[in-house]
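> give me coordinates for this.
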Amino acid sequence: MKALQAIVALCLIGLFCIFSFSPVVFAAPSTVEDRYKNFYSDGWFGTYALREFDKVAPAPGVNWFVDDAQDWLARAQRDGWEVRHKPSEAVSGAIILGYHEGLVWVGIAREVTDKGLIFETVMGGDGKPARYWMKFAELATAIHFQGCILPQRIPTAKAVSPMADYKTARGFTGAAWPALEFDKVAPKPGFNWQGAEKDWAGEAEKQGWVVARKPSDVKKGSLLIFYNPDSQKTKMAFIREVLDGTLVFEFVDPPYSRVITARLKIDQLMDKNVFGGFVFNAVILPERKGR
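Below is the predicted model:
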């Protein structure tokens with residue numbers, strides 16, 4: 001058991017190093033072959049689990065595009081997948097996730113017994129999977145089990161195109177989907193301003209919304225406005241969480257019609273080298289003025 005824990009520890013370190021935040025994620029891949037679903041690198045250990053999941057899961061298969069694996073569970077659930085948080089609730093073909101102090105572990109469940117779990121994970125540089133059996137209690141301590149994504153759709157799950165227009169927001173620019181998410185948490189009347197995305201902060205302010213212009217003022221549920229001073233382009237995002245100085249946000253990647261979940265430290269928001277040249281411009285809070 002000690003030997004296995006040592007191997008898992010090495011795997012965690014390797015996975016974390018490979019899956020730590022990098023602006024490369026936001027660049028289009030050079031070829032289709034070096035990315036799974038044009039996003040997850042085939043050189044990353046966790047991609048094996050994604051491929052195996054897609055062999056048994058119903059359509060659309062893996063449809064969460066997440067920069068940090070610790071966000072997989074929440075994002076997969078929002079995108080219509082059954083998620084469980086006990087090892088005994090896993091099923092064959094489920095993706096199992098462990099996370100502890102910045103280290104990520106990813107595997108694929110092969111069989112669930114009455115006492116434990118048989119799973120596979122890629123831990124060596126040769127890219128070949130290894131199979132292990134662990135008792136349920138050992139999974140909590142060895143890989144810091146966080147949960148599993150079952151190859152089963154939530155019965156009421158509905159697919160919503162991130163490219164569809166919403167109210168006056170344009171889908172093809174990637175602005176409509178964040179506006180839709182904003183309306184799910186904001187008080188009435190919700191998204192009620194018009195104009196080009198670059199003018200949203202000012203227009204929203206005129207319509208009675210609280211607008212902040214400092215990165216330190218970001219809040220969960222807000223519309224985040226990025227601006228690229230070189231290309232003079234605007235990118236809209238929706239803030240899912242603000243955790244200990246880290247922002248978890250989602251934005252639309254128009255070329256591939258998908259939503260990407262990413263993380264940035266608040267003090268990185270003004271660094272143009274981190275997010276493809278885009279920097280913080282303003283944030284529209286889900287709050288009405290004087291209320």
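> any regions of the protein where pLDDT drops low?
1-34, 291 (pLDDT under 70).
> switch the cut-off to 80
Along the chain, the parts satisfying pLDDT under 80 run over 1-34, 42-43, 100-102, 123-127, 291.
> which stretches in it count as helices?
Taking DSSP state H as the criterion, the chain carries its helices at 2-19, 47-56, 72-78, 136-142, 176-185, 200-206.
> for the last one, output the C-alpha coordinates as CSV.
The C-alpha coordinates for helix 200-206 follow below in CSV (Å, rounded to 0.1, in the frame of the first residue of the first chain):
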residue,chain,number,x,y,z
TRP,A,200,-21.5,47.5,-22.0
ALA,A,201,-20.1,48.9,-18.8
GLY,A,202,-21.2,52.4,-19.5
GLU,A,203,-24.6,51.3,-20.9
ALA,A,204,-25.3,49.0,-18.0
GLU,A,205,-24.5,51.8,-15.6
LYS,A,206,-27.0,54.1,-17.3
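> show me which positions of it end up buried.
Trp200, Ala201, Glu203, Ala204 (16 or more other C-beta atoms under 10 Å). Where C-beta positions appear, they are placed from N, C-alpha and C, glycine not excepted.
> biggest separation within the residues you listed, which pair?
Ala201 and Glu203 (7.4 Å; C-beta to C-beta).
> tell me the domain boundaries of the chain?
2-153, 176-288 (automatic domain parsing).
> of all these, which lies closest to Pro162?
The closest of the domains of the chain to Pro162 is domain 176-288. By C-beta to C-beta, the value is 4.2 Å.
> how long is that closest one end to end?
With C-alpha to C-alpha, to the nearest Å applied, domain 176-288 spans 20 Å between its terminal residues.
> again, but for stretch 106-119
End to end - C-alpha to C-alpha - stretch 106-119 spans 10 Å.
> how far away is Gly43 from Lys37?
The gap separating Gly43 from Lys37 is 15 Å, by C-beta to C-beta, to the nearest Å.
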